[in-house]
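S.K.: Turn this into a model:
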Amino acid sequence: MRCAFCDNIDTQVRDSRAHSNSHIIKRRRYCPSCGERFTTIEQLIRREIVVVKRDGRREMFDIEKLRRSIKLATAKGSLDDGSVDSMANTIHKQLENRVNHDVNTKTVASMVMKRMQAVDDMSFIRFAAFYSDRVTYSDFLSLIETVKEVGAPQDGPDLFTVGDVVKPKRGRKAKNS
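M.R.: This is a model prediction of the structure:
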C-alpha cells in the first residue's frame with residue numbers, strides 16, 4: 001500500500017481490526033520513509049447480482065426493494081422491522097453465494113415465500129397473491145383451504161406456474177375475452 005503522504009510503496013501495517021460488518025477491515029499503517037501514520041479500509045467486493053424480469057429486462061438486485069416487498073406483505077402480520085431485515089439479508093446472502101449471479105424474479109419470490117410460510121400464513125398468502133402473475137381463483141381458494149387445515153404448504157403448490165388465467169397488472173382492467 002502506498003503512503004498517503006509521500007507515495008512511498010513500502011508501508012507497514014501496525015494494527016488491523018475487523019469492522020462490525022465482517023466484510024470490512026480497518027488497518028492502521030505506518031510509513032518508515034516519512035514517519036506518518038494513516039488508516040486504510042479494505043472491503044470485500046462481490047460480483048453484482050442481476051435480476052432478470054419477466055419481460056427479459058435486467059436490473060441490479062436492490063435489497064431495499066426486497067425489504068419493501070416483504071414489508072408490504074407483512075404490514076398487518078407478525079414481522080417487525082428487524083425480522084424483515086433479517087429475512088432480506090438472508091435471501092441476499094443466498095443469492096450472493098450462488099454460482100450464477102443472474103437470478104429471475106420467480107426465484108427471488110420463491111425464496112421469500114419459503115421464509116414467509118414459516119412465519120405468518122396471512123403474509124404468505126398476501127405475498128403469493130401480489131407477486132405471482134398466473135394464478136386462478138380456484139388455485140387461491142385451494143391454497144387458503146390448505147393453509148387453514150395444515151398451515152402454509154412446504155413445497156407447493158407452485159403459484160408461479162399453476163393456472164392458465166393471467167391476473168391483470170395492478171392499476172389495469174382485465175381484458176374481456
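
S.K.: quick one, strands of the protein?
M.R.: 12-18, 24-30, 37-43, 50-52, 58-60, 102-104 (DSSP state E).

S.K.: other SSEs contacting the longest helix along the chain?
M.R.: Using DSSP state H, we find that the single longest helix of the chain is helix 81-96. For helix 81-96, the contact count by 3 or more Cβ pairs under 8 Å, 6 or more residues apart in numbering; DSSP states H and E identifies helix 63-73, helix 105-116 as packing neighbours. Using the backbone N, CA and C atoms, a C-beta is placed for each residue, glycine as well.

S.K.: ok, of those, where does mean pLDDT dip lowest?
M.R.: Confidence, taken as mean pLDDT, is least for helix 105-116 of the helices and strands packed on helix 81-96 (a mean of 88).

S.K.: May I have it as PDB, with CA atoms only?
M.R.: C-alpha atoms of helix 105-116 as PDB (Å, rounded to 0.1, in the frame of the first residue of the first chain):
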ATOM      1  CA  THR A 105     -37.800 -12.800 -10.200                       C
ATOM      2  CA  LYS A 106     -39.600 -16.100  -9.700                       C
ATOM      3  CA  THR A 107     -36.600 -17.500  -7.800                       C
ATOM      4  CA  VAL A 108     -36.400 -14.400  -5.500                       C
ATOM      5  CA  ALA A 109     -40.200 -14.600  -4.900                       C
ATOM      6  CA  SER A 110     -40.000 -18.300  -4.100                       C
ATOM      7  CA  MET A 111     -37.200 -17.700  -1.600                       C
ATOM      8  CA  VAL A 112     -39.300 -15.100   0.100                       C
ATOM      9  CA  MET A 113     -42.400 -17.300   0.200                       C
ATOM     10  CA  LYS A 114     -40.400 -20.200   1.700                       C
ATOM     11  CA  ARG A 115     -39.400 -18.000   4.600                       C
ATOM     12  CA  MET A 116     -42.800 -16.300   4.900                       C
END
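
S.K.: By mean pLDDT, point me to the weakest helix or strand of the protein.
M.R.: Least confident helix or strand of the chain, by mean pLDDT, DSSP states H and E, is helix 137-150 with a mean of 74.
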